[in-house]
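# Provided below are the primary sequence and the corresponding predicted coordinates.
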Amino acid sequence: MRKFYLLALAALALPAAASAQSASGSIQARARVLGAITVSPVTTLDFGDFLSAGATKTVAPTDATSGEFAVAGDPGAQLLLTFDFPATLDNGLNQITLGASAWNVNVGATRAGSASLIAGGSDGANANSFLSAGGSLGVFVGGEATAAAGLPAGVYTGTVGLTAAYTGL
Amino acid sequence: MSRPALAVLVSACLLAAAGRAEAQGRPLRLQGLQPLNFGDVLAGVPLHARRTDPARSGQFELRGTKDQDLMLQFALPDAMSGPGGASLRLRFDAGDAGYSATESITIQQAVDPRSPFTVRLPTNGKARLFLGGTVEPTADQRGGDYTATVTLTVAYLGV
């Protein structure tokens, strides 16, 4: 009888040995944080002086007087650039008309070396462009302005807006 | 206790022991299959990776003895490390882990990865664990790649 009891106890003890088995494994958690985007105005888009009434002046993106934005963000990331182009340059109630579909935008490290991004664009125009390996992008803006006859002398201004957002690429 | 009754008891115990010996004969294996990959994250914008997301969810493969009950426990980091010692906050909520006895990402039993939990291996002795989570970058979070290690430990439960 005692032998049977010992066998039973030995059998019951085995589960403890089985439950001692364990294993472990690991995985990585990963994320890539895209650096904040900054858009900074560098130079003003300057149409210069209008010496004659009814004159139209055009500034190309590669001209020294084109407007320039400096964009910075995550190196190599693609950005969606969206432009807010004004319809006029204003001096009080007096206005110089800007070509509604005559906006041209180049991108690149320098004016001279920039490439066309938008040609003949209008307000709200947008396009994708990549930041450089250093995380920068130069955006150069040109347009067309027409001064009607009879405008009083003075400085006429408007604002070009640029919004940049990551596309996820 | 009569001698026949005792014999039956001993036989039952030995059979049970044989089953457990089988458990001992097939060690548990746990293998990380896929990282918990949040991909690109924008500074200041939290991102939740779902455990049902085939591309983003972390995945483990579990092998052991069929029909055995197991105890599992995650070791979860609360942040990922990045460039220059920068830290990216990482959060896990109840239901961010899933157990699939069919190894299918679409058929999961939700579990809380923050606490130990038990599951039973299916008849083929194979199952899969899925893990999601949330990253919470600050508005001025430094750009770059961030990583952390998630560890899962599993053990047979006594029957």
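That came through, no problem.
# Run through chain A and note the low-pLDDT ranges.
Applying pLDDT under 70 to chain A flags the ranges A:1-20.
# how about the helices in it?
A:2-19 (DSSP state H).
# State which strand of it is the longest.
Using DSSP state E, we find that the single longest strand of chain A is strand A:22-34.
# Spell out which helix or strand contains the residue nearest the centre of chain B, please.
The residue lying closest to the centre of chain B (Cα atoms, centre = their mean) is B:Leu129, at 4.5 Å. Following DSSP states H and E, one finds B:Leu129 within strand B:126-131.
# same for that strand, what does it pack against?
strand B:58-63, strand B:97-100 (3 or more Cβ pairs under 8 Å, 6 or more residues apart in numbering or on different chains; DSSP states H and E). (Glycine included, C-beta is placed from N, CA and C.)
# Out of these, which is closest to chain A?
For those, proximity to chain A was assessed by Cβ to the nearest Cβ; strand B:58-63 is nearest, at 4.7 Å.
# got the CA coordinates for the helix or strand that the closest one is followed by in PDB?
Next in sequence after strand B:58-63, counting helices and strands by DSSP H and E, comes strand B:69-75. Taking Å, rounded to 0.1, in the frame of the first residue of the first chain, the C-alpha atoms of strand B:69-75 are listed here in PDB:
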ATOM      1  CA  ASP B  69      -2.200  26.700 -20.900                       C
ATOM      2  CA  LEU B  70       0.500  29.400 -21.000                       C
ATOM      3  CA  MET B  71       1.200  32.500 -19.000                       C
ATOM      4  CA  LEU B  72       2.600  35.400 -21.000                       C
ATOM      5  CA  GLN B  73       4.000  38.800 -20.000                       C
ATOM      6  CA  PHE B  74       5.400  41.700 -22.000                       C
ATOM      7  CA  ALA B  75       8.200  43.900 -20.900                       C
END
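# any idea how far A:Thr159 is from A:Gly54?
25 Å (Cβ to Cβ, to the nearest Å).
# Can you give me the neighbour number for the residue nearest to the residue nearest to the centre of chain B when sequence neighbours are not counted?
Leaving aside its chain neighbours, B:Leu129 sits nearest to B:Phe60 (4.2 Å; criterion: Cβ to Cβ, 6 or more residues apart in numbering or on different chains). Using other Cβ atoms under 10 Å in any protein chain shown, B:Phe60 has 26 neighbouring residues.
# who's in contact with the residue of chain A found nearest chain B?
Using Cβ to the nearest Cβ, A:Gly35 is the residue of chain A that sits closest to chain B, at 2.9 Å. With contact set as Cβ atoms under 8 Å, 6 or more residues apart in numbering or on different chains, A:Gly35 has these partners: A:Ala72, A:Gly73, A:Asp74, A:Gly135, B:Ala43, B:Arg142, B:Gly143, B:Gly144.
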